[in-house]
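Q: okay, structure incoming, though there's no sequence with it:
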């Protein structure tokens, strides 16, 4: 493109403006190529010089009498809307229906009765494709366990938002389609039902809290209901700000040095199967999160998101697992949290594997899926994490407790 560029004009160009088309295109290509070359170098150096992810060398020890919090961490439960429905990523090979989730919740109820939990955190992919029947099944399951529902916090995963058609995952969705907005509103309605009276949304102009999620949605409930019935492009556009403005959601600490939770939406805006797993924390949300952390300088925090900030130092089962699944801006996410990382732990899902490690001082916890990655006759599991107030004002991560979920006997037809 360089030979066709022109960086100065002539009076003759005013008479024949069409002759500027080729130079303008060549100039654009040259400028963009130069910018991308420089940006790639800067980002490459930043990523190369940042702290690399490492397996956690050992768990912390809590001081005697330190305040502790017990957190059950679930993720990627992929609820389906029919008893024996297949799941997109495991078909009929994995635990079918929602029986395994029912077992998980029953076990958590038993554990809570013996030693109370402070929090149940589900880091995305509550549903397999964001369908209304799937959300109804999830909410019904939680309603059968009210003590868990009172402690539950959820955040959106890519299956809740970005899957167009679970029977045809390769289907393309036009950006103008109201389908994605409908999935967003379903997710938002479920979040309001679970945690609407407990989490706060931010007033970004005043750098404070604007009120609860339930209060923020109240003026829009009628519009959301009309959109759910009609699904037009006009109504969809009118609700775009509703979705964007509620993140991040914050469960503030009960005391100034207590434990709070920040819930992020880490899903990129995509419309195709090759990109539906992409992760991105919007810059506005990142800055809002940092504002909250600075507002509570003595508090400890769980940062909840669906996508993993960085790739792990462990083999992947497939090359595709290392492509397009982590946060696009994960290195920036980690670097921004570094100054206050001693009082944070990031918890996520998405990969369906359990990994506990660190990237520099930031502790990162990945949740396995208790319903995926196993056949019906295999056990699955999840973790209960104990967090504690460290003597230096930080957040200690103690050794977790793994809970195994054994398969139930499957009835077979006999002759």
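A: On my side now, so go ahead. All figures in this text were calculated on a predicted structure; none of them were measured in a lab. Residues are numbered from 1 along each chain as shown.
Q: which residue is nearest the middle of the chain?
A: Nearest residue to the geometric centre of the chain (CA atoms, centre = their mean): residue 306, 2.3 Å.
Q: so for the helix or strand where residue 294 lies, mean pLDDT?
A: Residue 294 is located in helix 283-295, with elements delineated by DSSP states H and E. For helix 283-295, mean pLDDT rounds to 95.
Q: now do it: which elements does it pack against?
A: The helices and strands touching helix 283-295, judged by 3 or more CB pairs under 8 Å, 6 or more residues apart in numbering; DSSP states H and E, are strand 200-203, strand 259-263, helix 330-337. Placement of C-beta: from N, CA and C, glycine included.
Q: and the longest strand for the protein?
A: strand 380-389 (DSSP state E).
Q: just the angle between that strand and strand 259-263, please?
A: 130 degrees (axes from the mean of the first three to the mean of the last three CA atoms, to 10 degrees).
Q: for strand 380-389, what does the pLDDT average out to?
A: 96.
Q: right, and the helix or strand after that strand?
A: Taking DSSP H and E, what comes next after strand 380-389 is strand 395-397.
Q: give me the sheet partners of that next one and which way each runs.
A: Its sheet considered, strand 395-397 pairs with strand 380-389 (antiparallel) by DSSP bridges.
Q: look up phi and psi at the residue nearest to the centre of the chain.
A: phi -90, psi -40 (degrees, to the nearest 10).
Q: one more: residue 73?
A: Given degrees, to the nearest 10, the pair of backbone angles that residue 73 has is phi -110, psi 110.
Q: just grab the bridge partners of it for me.
A: residue 121, residue 383.
Q: ok, residues contacting stretch 168-188?
A: 88, 130, 132, 135, 156, 160-165, 217, 224, 227-228, 231-233, 235-236, 239-240, 242-243, 246, 271-273, 276 (CB atoms under 8 Å, 6 or more residues apart in numbering).
Q: show me where the chain has helices.
A: Counting by DSSP state H, the chain has helices at residues 12-15, 21-49, 99-114, 132-143, 146-149, 158-161, 179-195, 213-217, 221-230, 233-238, 240-245, 283-295, 330-337.
Q: give me the residues contacting the fifth one.
A: Under the criterion CB under 8 Å, 6+ apart, residues 105, 108, 109, 112, 117, 120, 142, 143, 194 lie in contact with helix 146-149.
Q: biggest separation within the residues you listed, which pair?
A: Farthest-apart pair in the contacts of helix 146-149 is 117 and 143; separation 17.7 Å (CB to CB).
Q: so which of the two has more stuff around it?
A: residue 117 (19 against 10; other CB atoms under 10 Å).
Q: so that one is in contact with residue 74, correct?
A: No. Counting by CB atoms under 8 Å, residue 74 is not a contact partner of residue 117; they are 11.6 Å apart.
Q: for residue 365, what are its contacts?
A: Contacts of residue 365 by CB under 8 Å, 6+ apart are 73, 345, 346, 347, 348, 355, 356, 383, 385, 397.
Q: please disregard the earlier target; I meant residue 81.
A: Counting by CB under 8 Å, 6+ apart, the residues that residue 81 touches are 131, 132, 133, 134, 136, 137.
Q: please name the nearest non-neighbouring residue to it.
A: residue 133 (3.0 Å; CB to CB, 6 or more residues apart in numbering).
Q: any idea how far residue 140 is from that neighbour?
A: 10 Å (CB to CB, to the nearest Å).
Q: compare those two (neighbour count), which wins?
A: Between residue 133 and residue 140, counting by other CB under 10 Å, residue 133 is the more crowded of the two (14 against 11).
Q: which pLDDT value goes with that one?
A: Residue 133 is given a pLDDT of 94.
Q: so it sits right up against residue 82, yeah?
A: Yes. Judged on CB under 8 Å, residue 133 makes contact with residue 82 at a distance of 7.4 Å.
Q: out of the contacts of helix 146-149, which is most surrounded?
A: residue 120 (25 neighbours).
Q: contacting residues around that one?
A: Counted by CB under 8 Å, 6+ apart, residue 120 has contacts 71, 72, 74, 108, 148, 151, 152, 153.
Q: can you tell me how far the first one sits from residue 153?
A: Residue 71 sits at a distance of 10 Å from residue 153 (criterion: CB to CB).
Q: now do the shared contacts for these two.
A: With CB under 8 Å, 6+ apart as the test, residue 71 and residue 153 both reach 119, 120, 121.
Q: can you lay out those as a markdown table showing pLDDT and distance to residue 290?
A: Below are the shared contacts of residue 71 and residue 153 laid out as a markdown table (pLDDT from 0 to 100; distance: CB to CB, whole Å):
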| residue | pLDDT | distance to residue 290 |
| --- | --- | --- |
| 119 | 98 | 22 |
| 120 | 98 | 26 |
| 121 | 98 | 21 |
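Q: just put the residues you listed in a markdown table and tack on distance to residue 212.
A: Below are those laid out as a markdown table (distance: CB to CB, whole Å):
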| residue | distance to residue 212 |
| --- | --- |
| 119 | 17 |
| 120 | 19 |
| 121 | 18 |
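Q: which among those gets closest to residue 34?
A: Among these, and counting by CB to CB, the member closest to residue 34 is residue 121, at 44.6 Å.
Q: surely the closest one and residue 302 touch.
A: Yes. Using CB under 8 Å, residue 121 is in contact with residue 302, at 6.9 Å.
Q: so what sits against both of those two?
A: What both residue 121 and residue 302 touch, as defined by CB under 8 Å, 6+ apart, is the set 71, 261, 347.
Q: let's have those in a markdown table, adding neighbour count.
A: Converted to a markdown table, the shared contacts of residue 121 and residue 302 look like this (neighbours: other CB atoms under 10 Å):
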| residue | neighbour count |
| --- | --- |
| 71 | 23 |
| 261 | 23 |
| 347 | 22 |
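Q: just give me the closest of these to residue 96.
A: residue 347 (27.6 Å).
Q: returning to what we had before: so the residue nearest to the centre of the chain touches residue 123, yeah?
A: Yes. Using CB under 8 Å, residue 306 is in contact with residue 123, at 5.6 Å.
Q: shared neighbours, those two?
A: 75, 155, 157, 348, 349, 350.
Q: so which of those residues belong to strands?
A: Per DSSP E, those map to strands at residue 348.
Q: and the shared contacts of residue 306 and residue 123, which two are the farthest apart?
A: 155 and 350 (11.2 Å).
Q: mind listing the shared neighbours of the two?
A: 123, 124, 306.
Q: ok, now how distant is the first one from residue 367?
A: Spelled out, that is residue 123. From residue 123 to residue 367 the distance is 6 Å (CB to CB).
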